[in-house]
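Q: please find the sequence and the predicted model below.
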Amino acid sequence: MGKIRVAQAYTGPIGSEIIRRLAGHPQMELVGVLVHSQEKASRDSGEVARTAPNGVRTTLSLDEIIALKPDGIFWSGSEFDVPAYAKILSAGINLYTGFGGYYLKGQPQEAELAAATERGQSSFCAGGNIPGLISDILPLFLTGYTGKITHIRAWQRNHMDHNPSAVQMQHGLGIGLPLGGNPFAEQLDAGFTAVIAQPARLIADSLGVAFEKLELVKVEHALAPRRVVLEPSGLVIEKGTVANVRWTWEGWASGRHFYTLSDEQTTMLGLGDGWRETYEEPAYRVEITGDPSMVCTLGWPSGSDPALSNYNLNVARAMNIMPRLVAARPGLLTPMDFPMPVAADGLA
């Protein structure tokens, strides 16, 4: 059986790393790359991804990517692009995205995307680290080793001082802006809440309890005590502007508070009680109150770059899911519909 033919949509940090890892991959072959800017168009995608030339030229046209008839597309765009997703799925191409559609049951886009998978007999799945690993997959895995569960508590602590995207940090998270000075804050909070509600519902449905709602209960900030310039992004954080931010949500099912999730994004360490103090602190933590109760932490080895590790976790997850997605039944899928993913490229 030949290799799975895949295309990569967009070449940010995650997309570029997928391109680099596809070179010589034992199961997958890169056949097309979609980019968003004229500057990156009609170039060797290996060079765009800052690696060896690979002979696959980039394009601005999604139609050209679809015409290549890949088995699957990795979508690493920065928005939940339902029309593009529907077009891809209707063409019979399987799609994995790290942005949006993590659990579509009851969502406004469910009918349109389900119809597209039916037309194309294709499969759709989404995931990453959050939503994904910490918000649903790791908690659900751990529930298989306990019972009489009363509460699930999860944290992500993502340190971003080496994040390469100033736009993502400032416009997406409000880093480097005055407290209360992010014009997108209300939209951001609402968007995050809608997205996080999907894994909360997935957990409730998987445990057989009636999901009711997810609420954003707290947004916290820590301000920079001095001026810093972050590299490689070049983002300037002036003294007194936002350096760290943390959201906390609570989920309700069957009349009770069953789920708490916190997402902490930091650029400076040691800014007070409750904020990340060192690189060595675990990036993820799950606590389950049950019988037995348990705590699970997951982090990076000493000396690792937390931002790079966090990106590459998303990269590896996408690449390890794709062979299973191509082989799966058509439809809107979650990782609960697959056998346990293992590394798709064997041992290095």
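A: Thanks, I have the structure now.

Q: Tyr103 touches Ala204, doesn't it?
A: No - assessed by C-beta atoms under 8 Å, Tyr103 is found out of contact with Ala204, at 10.2 Å. In this view, the C-beta of every residue, glycine as well, is placed from N, C-alpha and C.

Q: in terms of neighbours, single out the busier of those two.
A: Tyr103 (26 against 21; other C-beta atoms under 10 Å).

Q: helix, strand, or coil at the more buried one?
A: coil (DSSP: H, G, I helix; E, B strand; the rest coil).

Q: which residues are in contact with it?
A: Contact analysis of Tyr103 by C-beta atoms under 8 Å, 6 or more residues apart in numbering lists Asp136, Gln198, Pro199, Arg201, Leu202, Asp205, Thr334.

Q: could you rerun that using 6 Å?
A: Gln198, Arg201, Leu202, Thr334 (C-beta atoms under 6 Å, 6 or more residues apart in numbering).

Q: farthest-separated two in those?
A: For the contacts of Tyr103, the farthest-apart pair by C-beta to C-beta is Arg201 and Thr334; their separation is 10.5 Å.

Q: does Val195 lie in a helix or a strand, and which?
A: helix 185-207 (DSSP states H and E).

Q: quick check: angle from the helix or strand just after that helix to helix 185-207?
A: Next along the chain after helix 185-207, taking DSSP H and E as the criterion, comes strand 211-223. Comparing the axes of strand 211-223 and helix 185-207 via axes from the mean of the first three to the mean of the last three C-alpha atoms, to 10 degrees yields an angle of 140 degrees.

Q: in strand 211-223, what's buried?
A: For strand 211-223, burial by neighbour count (16 or more other C-beta atoms under 10 Å) applies to Phe211, Glu212, Leu214, His221, Ala222, Leu223.

Q: report the contact partners of the third one.
A: Read that as Leu214. Ala197, Ala200, Trp249, Gly251.

Q: now the second one
A: The neighbourhood of Glu212, defined by C-beta under 6 Å, 6+ apart, consists of Trp252, Ala253.

Q: which ones are touching the residue nearest in space to the middle of the chain?
A: By C-alpha atoms, centre = their mean, the chain has its centre lying nearest to Gly128, at 3.3 Å. Taking C-beta under 6 Å, 6+ apart, we find Gly128 in contact with Gly98, Asn314.

Q: next: Val315.
A: Val315 neighbours (C-beta under 6 Å, 6+ apart): Ile14, Glu17, Ile18.

Q: burial check on the last one, number of neighbours?
A: Pointing back at Ile18 there. So Ile18, with other C-beta under 10 Å, has 28 neighbours.

Q: now it: phi and psi?
A: Phi and psi for Ile18, reported as degrees, to the nearest 10, are phi -60, psi -40.

Q: do I have it right that it meets Ala7?
A: No - Ile18 lies out of contact with Ala7 (C-beta atoms under 6 Å); the separation is 10.3 Å.

Q: can you pull the buried residues of the helix holding Val195?
A: 185, 188, 192-193, 195-205, 207.

Q: avg pLDDT for that helix?
A: Helix 185-207 carries an average pLDDT of 93.

Q: list the contacts of that helix.
A: 102-103, 131, 135-136, 140, 211, 214, 216, 249, 251, 253, 259.

Q: check stretch 16-28 too.
A: Contacts of stretch 16-28 (C-beta under 6 Å, 6+ apart): 3-4, 6, 8, 30, 45, 49, 51, 74, 315, 323, 344-345.

Q: just the buried residues from those residues, in ChimeraX please.
A: Per 16+ other C-beta under 10 Å, the buried members of these correspond to this ChimeraX selection:
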select :4,6,8,30,45,49,51,74,315,323,344
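
Q: describe which strands the helix or strand that contains Gln156 pairs with in its sheet and in which direction.
A: Gln156 is located in strand 151-159, with elements delineated by DSSP H and E. Using DSSP bridges, the strands paired with strand 151-159 are strand 256-266 (parallel), strand 284-289 (antiparallel).

Q: which ones are touching the residue nearest to Ser233 when sequence neighbours are not counted?
A: Nearest residue to Ser233, sequence neighbours excluded (C-beta to C-beta, 6 or more residues apart in numbering): Ala166, at 4.1 Å. Counting by C-beta under 6 Å, 6+ apart, Ala166 touches Ser233, Gly234, Leu235.

Q: thought Leu89 was touching Ser122?
A: Yes - with contact defined as C-beta under 6 Å, Leu89 counts as touching Ser122 (4.6 Å).

Q: which of the two has more neighbours?
A: Leu89 (28 against 23).

Q: now that one: how far from Gly176?
A: To Gly176, Leu89 is 38 Å away according to C-beta to C-beta, to the nearest Å.

Q: with Ile19 instead?
A: Ile19 is 29 Å from Gly176, by C-beta to C-beta.

Q: ditto for Met28
A: When Met28 is compared with Gly176 (using C-beta to C-beta), they lie 38 Å apart.

Q: just Ile14 next, same as before
A: Applying C-beta to C-beta to Ile14 and Gly176 gives a distance of 22 Å.

Q: re earlier: and the furthest pair within the contacts of helix 185-207?
A: Leu140 and Leu216 (22.2 Å).

Q: please state the offset of stretch 312-330 from the chain centre?
A: Remark: stretch 312-330 is offset 13 Å from the chain centroid, using C-alpha atoms, centre = their mean, to the nearest Å.

Q: per-residue confidence for the residue lying closest to Val217 once chain neighbours are set aside?
A: Spatially, and ignoring its direct neighbours in sequence, Val217 is nearest to Glu250 (5.1 Å; C-beta to C-beta, 6+ apart). Predicted confidence (pLDDT) for Glu250: 98.
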